[in-house]
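Engineer: Show me the folded form of this:
(chains A and B)
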Amino acid sequence: MVLHSKHLLGLDGIPQKDIITILDTAKSFREVLDRPIKRLPTLQGKTVVNLFYEPSTRTRISFELAEKRLSADIVSFSASNSSVKKGETLIDTVKNIEAMKIDMVVVRHSSPGVAHLLARVLTSHIINGGDGGHEHPTQALLDMFTIRQKLGNLQGKTIALVGDISHSRVAMSNIYGLKKVGARVLVCGPSTLIPREIEKLGIEVYYNIDEIIPQVDVLNILRLQLERQREALFPSLREYHNYFGITRERLEGATKPILIMHPGPMNRGIEISSDVADSDHSVILEQVTNGVAVRMAVLYLLAGGRSETH
Amino acid sequence: MKLTKNVIISRKGFQPLPSSILLKGGTIVDPLQNVNEQKDLMIENGQIVQLGRIESKNFEGDVLDCHKKVITPGWLDMHVHLREPGYEGKETVATGSLAAANGGFTGVCCMPNTAPPIDSQEIIQYIKDRSKGSLVNVYPVAAITKKREGKELAEILELVEQGAVAISDDGSPVMSAEIMRRALEYSKMCDIPVIGHEEDSTMTAGGDMNEGFVSTCQGLNGMPSVAEEIMIARDIMLAEYTDARFHVAHISTAKSVELVRQAKIKGIKVTCEVTPHHFTLIDETVRTFDTNTKMNPPLRTEVDRQALCEGLKDGTIDVIASDHAPHSFEEKEAEYIYAPFGIIGLETSLGLALSQLYHKKLISLEQLVNKFAVYPYRILNLECPEIKTGSVANLTIFDPQESWQVTPAKFLSKSANTPFANWKLKGKPFAVVNNNQIFVSVL
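Structural biologist: Numbering: from 1, shown residues only, chains lettered A, B, ... in the order given. Next up, the predicted model:
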């Protein structure tokens, strides 16, 4: 199996075929994760650099583990944007790193378009680990993988993205990916946190959680960026929780079992109550496990996808 | 001696005009004289001495072949950032003037967001000194408020006496309606326009592009069109209230054009300008994440772009000005959110205006000359150059039919931040004449 894309910059620009290939490949890597010995020699001799210009725990560890389980040589670099801004330019930094002979770069940055910028100036394969409010393709792929794992397929399923949609890279990548595989996508949140004209992406916009609960197969609950309250985008955490928080009580309106997802980190008691986060319907920790498998698949496929060692 | 193009081509700078020169075979377009016809033009010691059919056989001086060329009163770009003093790495008065001449302009207005800003007589004098002896006339625009902070009025009367032709805090809006009201009132004493950078900064803070479908897709912070429109609405009302002259810089939205159109119908003293990039490009180009698509005001939607073209056509938009904003390569070659706003425009304005407006039959050559020369001079209360015997020769000469490719390596600006690299344009600057000097374009 091979990909048509040289990089994974986002789910907007990638063909549907590649999405399916990644999800199918991830399935076999997911099985590897349950073996006592989880290491494969697939990327032996390949060097992957993780460039994290934005703080990250989960995504970074997930990528590092995926790389290690494929036996890649890895180097990780993290820096705050502000300190880097004063010194050499981003392009100079990455060209210097590439001059040390590497094969792949995973990049996270607060500016939309940084993965695209790297793809333009480097010859390595670029994986977007989150670029500002633009895209977070591996997160969306692991969400899609988890839905497929639990519900059998994605086509025809109704998935709601709930909460802070505006400048959510998770939401954008999910929308692009899910639309490509034929799912129905709803977004629901306060009107100030839903970006303009998003309905043009072929999705439905709601402002009332109770209206969507009877319709959905999946609730993907997004993290509320708490600093948004300072921007006057919503009045209080209390009101947010009362109207948009997913609680057990609110889920009583469901007409069928609903899969509960969250990309993390969770604000318990705000966008999601603990009893929902820890319920049987919650697949939040499975998402995290699947994240490693999906990232292994992406790394493997971008590296060429030829050595069938598992 | 025949003067060929090669003789006076020089990247080194402006050349003295031969004491006697014949511009042969060009079409003179001067709306002020109501002229649009082929005429030869003889210049002696920088002054137009003869117009009409002049035989070159018996002519003793130099001859510049102007067949297929259009000769018009010298063009004035009333919105240029020359970056001096303070940011000489991006542009200087000297390099900006060369870029202007290369692009077909004999005059520029330089905006006051320098360091220090143009808010004192000394800085105005400094800029005048730096442009002394140049082919290109440099007209400083002074700040409305001290340090461009929007808090206290600058010493406007003194600044005007020293040579400022208008006032503007360009780059920043005047957020206080009270300060704007007083600036308009005060400006009436010296009969200069107040040029507004119209942006409610409480709505645009942290923004990188136009707010709309594309900003949603790109995950970039939006700058809504309404942030421009509410400021234009406010300032039109203030201009009406104070009966002062108000000029909107770089108008960019459909509703802004409509506001100005209605204000003009009411007789309010409002004028406005548009940049070539706003009537050419739209926010869809930001999808490339090319930082040369990042400017303020941002590129808007196709609906807005069409309204700008309509405003140019029906006369609502008086002036085309480039908002030439040079930035160094390393500043622009950055992450999108860190790249500075602005692109250069002096060397592409003429080609874009001819390609996008004239060749698409939106405006005539006369209207083009009005928007590049007659109206900017009129708005600034300056005398527009004229093509008639006895006048000083201040001319822009271009070939409206010549196709060319934009090659930033040929720019004389110190910077090359343009989204139009490799574009094919129809209509090319040929030469400019002013202050007894000549410059033949090297584009």
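Engineer: Helix, strand, or coil at the residue nearest the centre of chain A?
Structural biologist: If you average the C-alpha coordinates of chain A and look for the closest C-alpha using CA atoms, centre = their mean, you land on A:Gln139, 1.5 Å from that point. With DSSP: H, G, I helix; E, B strand; the rest coil as the basis, the three-state label of A:Gln139 is helix.
Engineer: right, and it touches A:Met261 too?
Structural biologist: No - A:Gln139 lies out of contact with A:Met261 (CB atoms under 8 Å); the separation is 10.6 Å. (C-beta placed from N, C-alpha, C; glycine too.)
Engineer: pretty sure A:Glu271 contacts A:Gly245?
Structural biologist: Yes - with contact taken as CB under 8 Å, A:Glu271 and A:Gly245 are classed as touching, separated by 5.9 Å.
Engineer: by contact count, what packs against the helix or strand hosting A:Val292?
Structural biologist: A:Val292 is part of helix A:284-302 when elements are defined by DSSP states H and E. In this structure, helix A:284-302 packs against helix A:16-32, helix A:58-69, strand A:125-131, helix A:137-151, strand A:259-261, with contacts taken as 3 or more CB pairs under 8 Å, 6 or more residues apart in numbering or on different chains; DSSP states H and E.
Engineer: Tell me the helices and strands packed up against whichever strand or helix holds A:Ile212.
Structural biologist: Secondary-structure assignment from DSSP H and E places A:Ile212 in helix A:209-212. Contacts of helix A:209-212 with other secondary structure elements, assessed using 3+ CB pairs under 8 Å, 6+ apart, are made with strand A:158-162, strand A:184-188.
Engineer: Now do the same for it: mean pLDDT, whole number.
Structural biologist: Confidence for helix A:209-212, expressed as mean pLDDT, is 97.
Engineer: ditto for stretch B:240-254
Structural biologist: Stretch B:240-254 shows a mean pLDDT of 98.
Engineer: try stretch B:421-441
Structural biologist: 97.
Engineer: Kindly report the same for stretch B:271-286.
Structural biologist: 98.
Engineer: of all the helices and strands packed on helix A:284-302, which lies closest to chain B?
Structural biologist: Using CB to the nearest CB as the criterion, the shortest distance between chain B and the helices and strands packed on helix A:284-302 is 7.3 Å, found for strand A:125-131.
Engineer: Specify the angle between that closest one and helix A:137-151 in degrees.
Structural biologist: 80 degrees (axes from the mean of the first three to the mean of the last three CA atoms, to 10 degrees).
Engineer: Dump the C-alpha coordinates for strand A:125-131 into CSV.
Structural biologist: Extracted as CSV, the C-alpha positions of strand A:125-131 are listed here (Å, rounded to 0.1, in the frame of the first residue of the first chain):
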residue,chain,number,x,y,z
HIS,A,125,8.4,14.2,4.3
ILE,A,126,6.3,16.6,6.5
ILE,A,127,3.6,15.5,9.0
ASN,A,128,1.4,18.2,10.4
GLY,A,129,1.1,17.7,14.1
GLY,A,130,-1.2,20.7,14.4
ASP,A,131,-0.8,24.2,12.8
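Engineer: is it anywhere near chain B?
Structural biologist: Yes - using CB under 8 Å from any CB of the partner chain, strand A:125-131 comes into contact with chain B via A:Asp131.
Engineer: what does stretch A:10-27 give?
Structural biologist: Yes - where contact is defined by CB under 8 Å from any CB, part of stretch A:10-27 touches chain B, namely A:Asp12.
Engineer: Just give me how far that stretch sits from the chain centre.
Structural biologist: Here stretch A:10-27 shows a centroid-to-chain-centroid distance of 13 Å under the convention CA atoms, centre = their mean, to the nearest Å.
Engineer: buried stuff in it?
Structural biologist: Under the neighbour-count criterion of 16 or more other CB atoms under 10 Å in any protein chain shown, stretch A:10-27 has A:10-12, A:14, A:18-23, A:25-26 buried.
Engineer: TSV please, covering the residues you listed and showing pLDDT.
Structural biologist: As requested, these are exported to TSV (pLDDT from 0 to 100):
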residue	pLDDT
A:Gly10	98
A:Leu11	98
A:Asp12	96
A:Ile14	94
A:Asp18	96
A:Ile19	97
A:Ile20	97
A:Thr21	96
A:Ile22	97
A:Leu23	98
A:Thr25	97
A:Ala26	98
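Engineer: mind putting these in JSON lines, distance to B:Val274 included?
Structural biologist: As requested, the buried residues of stretch A:10-27 are arranged in JSON lines below (distance: CB to CB, whole Å):
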{"residue": "A:Gly10", "distance to B:Val274": "34"}
{"residue": "A:Leu11", "distance to B:Val274": "37"}
{"residue": "A:Asp12", "distance to B:Val274": "32"}
{"residue": "A:Ile14", "distance to B:Val274": "38"}
{"residue": "A:Asp18", "distance to B:Val274": "43"}
{"residue": "A:Ile19", "distance to B:Val274": "43"}
{"residue": "A:Ile20", "distance to B:Val274": "47"}
{"residue": "A:Thr21", "distance to B:Val274": "48"}
{"residue": "A:Ile22", "distance to B:Val274": "46"}
{"residue": "A:Leu23", "distance to B:Val274": "49"}
{"residue": "A:Thr25", "distance to B:Val274": "52"}
{"residue": "A:Ala26", "distance to B:Val274": "51"}
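Engineer: still on that earlier bit, now tabulate the helices and strands packed on helix A:284-302 in CSV and tack on distance to A:Ser78.
Structural biologist: Formatted as CSV, those follow (distance: least, CB to CB, whole Å):
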stretch, distance to A:Ser78
helix A:16-32, 25
helix A:58-69, 8
strand A:125-131, 11
helix A:137-151, 18
strand A:259-261, 27
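Engineer: Checking whatever residue of the stretch 1-150 of chain B ends up closest to chain A next. Helix, strand or coil?
Structural biologist: Relative to chain A, the nearest point of the stretch 1-150 of chain B is B:Gly89 (15.0 Å; CB to the nearest CB). When the structure is split into helix, strand and coil by three-state DSSP, B:Gly89 lands in coil.
Engineer: Who are the contact partners of residue 16?
Structural biologist: If you meant another chain, say so; for now it's chain A. The contact partners of A:Gln16, taken as CB atoms under 8 Å, 6 or more residues apart in numbering or on different chains, are A:180-181.
Engineer: nope, chain B
Structural biologist: Contacts for B:Pro16 were tallied using CB under 8 Å, 6+ apart; they are B:436-438.
Engineer: Now the stretch 251-400 of chain B against chain A: closest residue?
Structural biologist: For the stretch 251-400 of chain B, CB to the nearest CB, closest residue to chain A: B:Phe289, 3.2 Å.
Engineer: isn't that residue right up against A:Leu118?
Structural biologist: No - with contact defined as CB under 8 Å, B:Phe289 does not count as touching A:Leu118 (10.9 Å).
Engineer: Tell me which of these two has more neighbours.
Structural biologist: Between B:Phe289 and A:Leu118, counting by other CB atoms under 10 Å in any protein chain shown, A:Leu118 is the more crowded of the two (25 against 22).
Engineer: right, and that one touches A:Ile126 too?
Structural biologist: Yes - using CB under 8 Å, A:Leu118 makes contact with A:Ile126 at a distance of 4.9 Å.
Engineer: in whichever helix or strand B:Leu184 is part of, what's buried?
Structural biologist: Taking DSSP H and E as the definition, one finds B:Leu184 inside helix B:177-187. By neighbour count, and taking 16+ other CB under 10 Å as the criterion, the buried residues in helix B:177-187 are B:179-187.
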